[in-house]
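# based on what follows, work out the 3D shape:
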Amino acid sequence: MSELPERVEGEILNRRLLLRGQKILVAVSGGVDSMVLLQTLSSLASKNRWEICVAHFNHHLRGRASNADEKLVRRTAEKLRLKFFNGGADVKKFAAQSKLSIEMAARKLRHEFLARVAREQKISTIALAHHADDQVELFFLRLLRGAGGSGLTGMKWQSPSPADKKVRLVRPLLGCAKNELLAFAREQKIEFRDDASNASTDFLRNRIRNELLPWLRKKYQPGLDKNILRVMEIVGAEAEYVTTAAQNWQHGRTDLPVSQAARQHFFCGLDFDKLPVAIQRKALQQQLIAAGVPVDFDLIEQLRAAAGKWVSVSPDISIARNGAGEIELRRETMTQFDLAEIELNLQGRAGQVTFAGKKIHWKISAQKKFLVPPLKTGVEYFDADKIGGDIILRHWHAGDRFQPIGLKAAVKLQDLFVNAKIPAARRRDLVLATTGDGEIFWVEGLRIGECFKLTPETKRHLGLRCQSAAATPLSGARASRE
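Down below sits the predicted model:
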């Protein structure tokens with residue numbers, strides 16, 4: 001007889017996941033993990049005086065197979081004489097409307113359904129069937145997406161529901177491996193259904209589960225899962241310490257349980273620039289989250305690098321941190337974006353067009369050998385063949401990204417405007433040019449595009465002049481000399 005139920009009960013009691021006599025809502029999909037969880041908790045219910053209810057959410061992603069999953073869960077609940085609650089939604093439609101991935105849309109709808117049932121039935125705890133293999137997959141999933149220490153910690157044994165903070169999620173199987181659950185299901189003759197979509201390579205998690213992890217176990221480390229779980233434990237503890245240190249620093253406290261020497265090293269008289277980098281990052285991250293600002297590593301690094309440097313986080317909001325490490329938000333004057341544009345065909349050798357009250361002159365010249373055109377006020381030069389035969393003149397749009405000459409990657413045009421100290425009222429008046437494919441290669445008053453500069457391989461160059469633009473350095477010509 002398997003010892004799985006006893007192990008699970010031990011984890012539940014030691015970690016205080018469930019209390020005697022409480023109501024529990026068990027989320028059951030019909031797969032082996034959740035069916036084993038349901039059978040295990042049901043077998044322990046009498047001893048612990050638990051009142052178990054079953055909830056199933058139909059994602060309607062697999063047609064008849066999805067309906068068959070629901071029928072199995074309903075039938076099992078009836079057999080165990082447990083209350084059954086079902087719900088469902090058109091996940092694909094919701095994903096398209098909300099601009100979410102299928103996976104994220106399904107997760108959001110599922111959690112909202114579970115939290116709603118829990119509230120209606122006055123249940124404070126929902127049991128989920130995540131297990132140790134899920135933890136390992138999540139580690140690599142978040143690693144590939146660039147998560148930090150807190151993200152690499154993985155799922156916790158208990159946490160608040162993302163749909164309702166008053167509802168608690170518990171994961172009693174988090175210490176069990178997938179093969180243990182399969183073995184228990186076979187031993188106890190537990191009926192379950194396989195989800196064919198788990199084999200699909202359309203989802204990154206499936207590719208990690210079915211391709212990456214088996215390859216790593218076979219070629220590099222047979223004990224991969226054990227090692228990764230240990231790393232997650234270590235990273236989680238360190239991330240928790242850094243979080244606590246950052247919180248204490250923000251509140252002016254230095255009462256962490258460390259020696260006086262260590263305290264002096266970590267806090268340095270509450271001088272932000274002398275704090276360890278990890279604590280600087282965490283302190284900024286916490287403030288950004290509290291302010292409702294979307295957080296990413298690049299934003300934190302820009303703020304951390306220098307006090308008083310304003311960084312755009314949306315078309316109308318910029319943010320900076322002061323010398324004390326406190327973030328400040330500045331709201332820019334917001335006007336409507338000008339959606340006017342004109343398409344220009346570069347036929348012949350030269351021409352001009354009037355757009356937004358400005359005259360744009362252009363001229364294409366052959367370049368038999370690499371010679372930098374003479375500097376002319378207000379004129380920029382580009383590789384004509386890289387730009388192509390059609391260009392579009394327009395104004396700045398929300399979300400525009402541009403790679404100026406000298407930068408290794410495209411950045412938000414809004415950030416360039418802020419750094420160049422171009423007033424908000426003027427930004428929407430500036431003219432920019434894109435290729436026929438929509439890639440920006442010129443912005444009035446800024447540097448030219450990195451990918452379109454003149455090089456020794458250039459065969460023809462395009463000269464562009466905006467008659468009403470302020471005189472700007474010919475950064476395109478100068479860069480081609482370097």
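
# tell me which residues of the helix or strand containing Thr243 come out buried.
Secondary structure from DSSP states H and E places Thr243 in helix 224-250. Of the residues in helix 224-250, 224-225, 228-229, 232, 235-236, 239, 241-243, 245-246, 248-250 count as buried by neighbour count, 16 or more other Cβ atoms under 10 Å. For every residue, glycine as well, the C-beta is placed using N, CA and C.

# what's the average pLDDT for it?
The average pLDDT for helix 224-250 rounds to 86.

# over to stretch 317-326?
Per-residue scores along stretch 317-326 average to 87.

# closest to Glu70 out of the buried residues of helix 224-250?
Nearest to Glu70 out of the buried residues of helix 224-250 is Asp225 (Cβ to Cβ; 31.7 Å).

# Ala132 - how many residues pack around it?
21 (other Cβ atoms under 10 Å).

# how near is it to Lys421?
Using Cβ to Cβ, to the nearest Å, we find Ala132 at a distance of 53 Å from Lys421.

# repeat for Asp383
29 Å.

# count the residues that sit near the nearest residue to Val28 once chain neighbours are set aside.
Distance criterion Cβ to Cβ, 6 or more residues apart in numbering; nearest residue to Val28, sequence neighbours excluded, is Ser34 at 4.4 Å. Ser34 has 23 neighbouring residues, counting by other Cβ under 10 Å.

# give me the element Ser34 is part of.
Secondary structure (DSSP H and E) places Ser34 in helix 32-48.

# state the mean pLDDT of that helix.
For helix 32-48, the per-residue pLDDT averages 96.

# off-centre distance for the next helix or strand after it?
Going down the chain from helix 32-48, the next helix or strand is strand 51-58, by DSSP H and E. Strand 51-58 sits 30 Å away from the centroid of its parent chain (Cα atoms, centre = their mean, to the nearest Å).

# quick check: what element follows strand 51-58 along the chain?
helix 64-79.

# alpha carbons only: can I get the next helix-or-strand element following that next one in PDB?
Proceeding N to C from helix 64-79, the next assigned helix or strand is strand 83-88, under DSSP H and E. These are the backbone C-alpha positions of strand 83-88, laid out as PDB (Å, rounded to 0.1, in the frame of the first residue of the first chain):
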ATOM      1  CA  LYS A  83     -20.800  18.800  -3.600                       C
ATOM      2  CA  PHE A  84     -19.900  19.600  -7.200                       C
ATOM      3  CA  PHE A  85     -19.600  23.100  -8.800                       C
ATOM      4  CA  ASN A  86     -18.900  23.600 -12.400                       C
ATOM      5  CA  GLY A  87     -18.200  26.600 -14.600                       C
ATOM      6  CA  GLY A  88     -16.800  27.400 -18.000                       C
END
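
# what comes up buried for strand 83-88?
Phe84, Phe85, Gly87, Gly88.

# same thing with stretch 272-288?
For stretch 272-288, by 16+ other Cβ under 10 Å, it's 272, 275, 278-288.

# now those residues in TSV, with secondary structure, distance to Gly388 and pLDDT?
Converted to TSV, those look like this (DSSP: H, G, I helix; E, B strand; the rest coil; distance: Cβ to Cβ, whole Å; pLDDT from 0 to 100):
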residue	secondary structure	distance to Gly388	pLDDT
Phe272	helix	48	86
Leu275	coil	50	86
Ala278	helix	47	88
Ile279	helix	49	88
Gln280	helix	45	89
Arg281	helix	42	89
Lys282	helix	46	90
Ala283	helix	47	90
Leu284	helix	42	91
Gln285	helix	42	90
Gln286	helix	47	89
Gln287	helix	45	91
Leu288	helix	40	90
